[in-house]
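Q: the following block contains a protein sequence and its predicted model.
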Amino acid sequence: MAIPIVESKIEEVLSSPDPSRLFIKPGVKRDWFVAAAAGMIAYAGNRDALESIARLLKIDRKRFGRLVSEALYSALTFGNPFTVVYQGYDLADPDAIPLISDWASKVLSAPSAQYVEQRQWAEAMLDRYRAVPTEGQWNTDPIVTRLSSERALAMHDHVMKLATEGWSKRNLPGK
């Protein structure tokens with residue numbers, strides 16, 4: 001609930017001819033407040049954060065563009081960042097999608113992206129498709145389609161294997 005309030009305060013401060021009048025405490029610096037408040041939004045690391053960041057990108061892409069990756073790295077702390085990546089794609093915001101794609105591609109293309117990141121991605125796919133993705137779903141998946149074709153091909157078998165293992169664990173008797 002707080003994220004939209006913080007975002008609207010940022011917008012109010014940025015559009016005000018005299019932002020100092022918007023604060024109870026005298027001497028609050030506009031740029032300091034905007035940076036701190038924007039950082040609080042990114043720290044949430046969830047869909048609401050990406051939605052607010054997308055609106056801020058329309059105001060100033062240069063100033064707020066870094067918040068997308070900050071929010072997704074923050075999502076590592078709170079859960080699965082690839083679930084948040086999918087939620088970000090579902091927003092269909094043309095300003096945010098390239099930044100989300102850059103983050104996912106960078107994380108999945110890192111030499112160390114062998115196990116943890118691929119497992120998280122596989123788990124997020126299970127949530128998205130409510131089963132192990134079919135080949136058709138893989139081929140149209142918003143993360144897959146934004147990776148280089150070589151990287152997607154190189155990861156296919158391992159991610160699908162991890163998804164199959166995850167699905168089996170989710171569907172054990174008694175669960």
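A: Received, thanks.

Q: tell me the residue furthest from the middle of the protein?
A: For the chain, the C-alpha lying farthest from the average C-alpha position belongs to residue 26; by C-alpha atoms, centre = their mean, that distance is 35.2 Å.

Q: and residue 70, what's its pLDDT?
A: At residue 70, the predicted lDDT confidence score is 98.

Q: measure it to residue 16 for me?
A: 25 Å (C-beta to C-beta, to the nearest Å). Yep, even glycine has a C-beta here, placed from its N, CA and C like the rest.

Q: between these two, point out the one with more neighbours.
A: Residue environment comparison for residue 70 versus residue 16 gives the larger neighbour count to residue 70, 18 against 12, counting by other C-beta atoms under 10 Å.

Q: any idea of the mean pLDDT in the helix or strand residue 150 falls within?
A: When elements are defined using DSSP states H and E, residue 150 is found to belong to helix 149-170. When pLDDT is averaged along helix 149-170, the result is 95.

Q: kindly report the same for stretch 1-21.
A: Throughout stretch 1-21, pLDDT has a mean value of 93.

Q: what does that stretch rub up against?
A: Identification of contacts with stretch 1-21 by C-beta atoms under 8 Å, 6 or more residues apart in numbering yields 22, 26-28, 30, 33-34, 37-38, 40-41, 44, 48-49, 51-52, 55-56, 59-60.

Q: ChimeraX command to pick out the buried ones of the residues you listed?
A: In ChimeraX, selecting the buried portion of these, with burial taken from 16 or more other C-beta atoms under 10 Å, looks like this:
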select :33,34,37,38,41,44,48,49,51,52,55,56
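
Q: list the helices and strands the helix or strand that contains residue 98 packs on?
A: Assigned by DSSP H and E, residue 98 falls within helix 97-109. Helix 97-109 sits against helix 66-78, helix 81-90, helix 116-129, helix 149-170, with contacts defined as 3 or more C-beta pairs under 8 Å, 6 or more residues apart in numbering; DSSP states H and E.
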